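Give me a model of this one.
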Amino acid sequence: MSKPKKPVVVYGASGYTGRLVCEYLREYGIPFIAAGRSADKIQAAMKSNVAGIETASYEVVEVIHTVEALTQLFKGASVVLNTVGPFAKFGPEVVEACLAAKCHYTDTTGEQDWLITLDQEYGARFAAAGLLLSPGLAQMYTTGEIAAQLCLETPGLDTLDIAVFWGGSPTIASTQTILVNAAMAKAYYLEQNQFVEHQADAGLYSLTIPGQHEAALALPWGGTSHPVWFKKDPRVSNVKVLGGVFNKPLMLGVPQIVAAALKATEDMNADDRYAALAKTAAGVMNTMPPRENPRINKSVDSVHASGPLARAHCVIFGNCNYKQTGMLQAFAAASLLQQVPKRVGFASGCQAFGHHELLGALRSFGLVQAPVLTVHT
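Numbering: from 1, shown residues only. Reported below is the predicted structural model:
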């Protein structure tokens with residue numbers, strides 16, 4: 001008699017984020033399949049980079065990136081946690097395979113165009129199948145969304161001004177996604193419930209970060225997930241998001257790198273442009289960042305919410321944003337294996353699992369402080 005398939009598939013398990021997802025699945029005691037293009041790379045990553053892997057129930061599977069091969073891999077599982085980006089390029093096959101195999105889908109994307117595509121092309125199909133389609137389940141988006149939802153518990157607020165900051169360096173995949181997204185997609189904020197394009201040449205923004213005297217530099221960072229999530233929230237009309245790293249020299253270099261990459265690839269077709277941008281990204285970041293240190297890799301998510309006659313401000317101080325992402329993904333899997341989500345189809349982490357539930361999970365692992373919430377009505 002064949003043994004049952006493990007219920008969770010981590011696709012892209014050898015990457016920096018994928019390893020952390022596997023680590024937290026192990027913490028939750030969830031059996032999983034670690035999948036990707038190279039079994040050797042995955043085996044090496046599990047043994048060298050996933051704490052406690054010797055006590056996890058897992059198997060390594062090598063798979064080619066086609067709908068057919070992925071469907072075969074996913075059949076018999078319940079949840080797919082996708083970390084393979086850029087998602088606008090590599091995501092469609094995974095999403096189609098999830099539908100065919102009847103699996104819930106989450107990913108760690110920050111690509112606003114990918115979220116809009118998922119909502120428009122796949123949301124209704126996943127909902128009809130009773131499946132969750134939840135992209136962007138990650139610290140840079142979900143932790144700030146938790147803060148926004150806490151603010152919105154006060155009635156009469158319709159505008160969200162969101163800032164997210166973190167310490168550390170982007171991963172190899174994140175660097176590639178930043179360049180590809182900047183070159184091949186527009187970035188939007190929400191104004192009176194309509195998408196409005198960010199000014200492409202606005203440059204760096206100077207923001208005040210709660211808890212410190214020094215101002216920090218920020219960018220729209222592709223527009224982020226929040227304007228997409230809140231566009232269908234009847235409480236909210238306006239959403240604008242800026243983000244950045246605490247490292248000012250690194251932030252100062254980002255617009256220059258992006259501008260140079262755009263200039264060098266402006267006359268190329270889409271495939272050649274992607275290849276050139278991937279090569280540029282590899283030149284910027286081609287090594288895995290070190291494992292996060294909570295004394296160094298801090299995070300701040302700040303949300304000012306306002307309405308005609310009310311104000312709220314919520315700050316969530318945390319650490320290790322990639323660990324937050326790994327834990328959020330593992331929590332999603334644990335929840336989906338035990339009960340139906342609060343919403344099926346296209347839904348954010350908070351919409352699918354509840355913002356208090358997600359906050360409690362982050363707190364239980366020591367990844368964030370209790371939120372600092374002030375309300376004036």
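
Isn't Val375 up against Arg311?
Yes. Counting by Cβ atoms under 8 Å, Arg311 is a contact partner of Val375 at 7.3 Å. The C-beta positions use only the backbone N, C-alpha and C, and glycine is treated the same way.

can you pull out the helices in the stretch 101-250 of the chain?
Taking DSSP state H, counting those that start in this stretch as the criterion, the stretch 101-250 of the chain contains helices spanning 112-121, 123-128, 144-151, 172-184, 226-230, 248-265.

Among the ones you listed, single out whichever gets nearest to Ala163.
helix 144-151 (8.0 Å; Cβ to Cβ).

got the CA positions of the closest one in PDB?
The C-alpha atoms that make up helix 144-151 are tabulated as PDB, following Å, rounded to 0.1, in the frame of the first residue of the first chain:
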ATOM      1  CA  GLY A 144       1.600  46.200   7.700                       C
ATOM      2  CA  GLU A 145      -1.900  44.900   6.800                       C
ATOM      3  CA  ILE A 146      -2.300  43.600  10.400                       C
ATOM      4  CA  ALA A 147      -1.500  47.200  11.600                       C
ATOM      5  CA  ALA A 148      -4.000  48.600   9.100                       C
ATOM      6  CA  GLN A 149      -6.800  46.200  10.100                       C
ATOM      7  CA  LEU A 150      -6.200  47.200  13.800                       C
ATOM      8  CA  CYS A 151      -6.600  50.800  12.900                       C
END
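
Which pLDDT does the model give Asp267?
Note for Asp267: predicted pLDDT of 79.

helix/strand/coil for it?
Assigned by DSSP: H, G, I helix; E, B strand; the rest coil, the conformation of Asp267 is coil.

that older thread, and the helices of the stretch 101-250 of the chain, which one averages the lowest pLDDT?
helix 172-184 (a mean of 66).

Tyr28 reaches Phe331, doesn't it?
Yes. If you go by Cβ under 8 Å, Tyr28 and Phe331 touch, sitting 7.5 Å apart.

Have a look at those two and say which one is more surrounded.
Phe331 (24 against 16; other Cβ atoms under 10 Å).

Going by secondary structure, that one is in what exactly?
helix 321-336 (DSSP states H and E).

Which other helices and strands does that helix contact?
helix 16-28, strand 79-82, strand 104-107, helix 349-353, helix 355-364 (3 or more Cβ pairs under 8 Å, 6 or more residues apart in numbering; DSSP states H and E).
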